[in-house]
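Peer 1: quick one, what's the 3D model for this:
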Amino acid sequence: METDIPLREVMVREVVKGDRDLTVLEAAKLMRRHKVDSIIVVDREEPVGIVTEGDIISELVSKDIKSSTVKLKDIMTTPLVTASPNDRVSVIAKKMAKGRIRKMPVIEDGKLVGIVADVDILSVSSEINSILTELIEMNVERETLHVEGESVDQGICEKCGSFSHYLVMKGGLMVCESCKDELEMAGEE
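Peer 2: Numbers count the residues shown, from 1 in each chain. As a prediction, the model looks like this:
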């Protein structure tokens, strides 16, 4: 499959939405019920923000704040970066990588029609993997990653080429957990 396909081919059409005045506790229950890790925040059905599990952890759990006391509007990421269902997957992949965006709502005629995640795009084609690898290599500031074994966020493993939420510098490469273990075992032999 080529990367110059419209986003509508890879987007997920079922999107979990929550009113901006919904509590984080209520939103978390909705997310759990629908088995998703994000919720699109709406104001009178208009998408205005997004809240992810990561937002909940960093804004509430890590600060020991009770989730029933905070509303989605208080922790949502806004303004919302969106795409159109006719946008090309390759263009959106680059936009997401550059902006470090993992989830992007898809809007058509002012209405929320879907959502696309980094993993949806990665599953499209091995060619996208090459594009994302190049972008990550361009954007990673290696001077901050000189310490062997230092952990960074997410990206493409430079050894196996798969996407990982946890990368570490090992042997001069940014690698996933399993490749790190392989490199360590090879070094012991």
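
Peer 1: how's this protein carved up into domains?
Peer 2: The record's domain parsing of the chain by automatic domain parsing lists 7-122, 142-188.

Peer 1: of these, flag the one that's most buried.
Peer 2: domain 7-122 (a mean of 17; mean count of other CB atoms under 10 Å). For every residue, glycine as well, the C-beta is placed using N, CA and C.

Peer 1: residues contacting Arg20?
Peer 2: Val41, Val42, Asp43, Val48, Gly49, Lys71, Leu72, Lys73, Met76 (CB atoms under 8 Å, 6 or more residues apart in numbering).

Peer 1: re earlier: pick out the shakiest of the domains of the chain, pLDDT-wise.
Peer 2: Mean pLDDT values for those show the minimum at domain 142-188, a mean of 73.

Peer 1: now the contacts of Arg20 as TSV including secondary structure and distance to Lys159?
Peer 2: Listed next are the contacts of Arg20 as TSV, based on DSSP: H, G, I helix; E, B strand; the rest coil; distance: CB to CB, whole Å:
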residue	secondary structure	distance to Lys159
Val41	strand	38
Val42	strand	42
Asp43	strand	45
Val48	strand	41
Gly49	strand	37
Lys71	strand	43
Leu72	helix	39
Lys73	helix	42
Met76	coil	36
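
Peer 1: reformat those residues as a markdown table; add distance to Val15.
Peer 2: A markdown table is the format used below for these (distance: CB to CB, whole Å):
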| residue | distance to Val15 |
| --- | --- |
| Val41 | 11 |
| Val42 | 10 |
| Asp43 | 15 |
| Val48 | 14 |
| Gly49 | 13 |
| Lys71 | 20 |
| Leu72 | 14 |
| Lys73 | 18 |
| Met76 | 15 |
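
Peer 1: of those, just say which sits nearest to Gly114.
Peer 2: Closest approach to Gly114 among those (CB to CB): Val42, at 14.4 Å.

Peer 1: can you tell me who the nearest residue to that closest one once chain neighbours are set aside pairs with across the strands?
Peer 2: Of all residues not flanking Val42 in the chain, Lys17 sits nearest, at 5.0 Å (CB to CB, 6 or more residues apart in numbering). Counting by DSSP bridges, Lys17 forms beta bridges with Ile40.

Peer 1: separation between Lys17 and Ala27?
Peer 2: 10 Å (CB to CB, to the nearest Å).

Peer 1: kindly report the same for Ile56.
Peer 2: Ile56 is 8 Å from Ala27, by CB to CB.

Peer 1: find the residue at the geometric middle of the chain.
Peer 2: Centre of the chain computed as the mean C-alpha position; nearest residue by CA atoms, centre = their mean is Arg102, 1.8 Å away.

Peer 1: that one: what's it in contact with?
Peer 2: Thr52, Met96, Ala117, Asp118, Gln154.

Peer 1: Val16 now?
Peer 2: By CB under 8 Å, 6+ apart, the neighbours of Val16 are Leu30, Met31, His34, Val36, Ser38, Ile39, Ile40.
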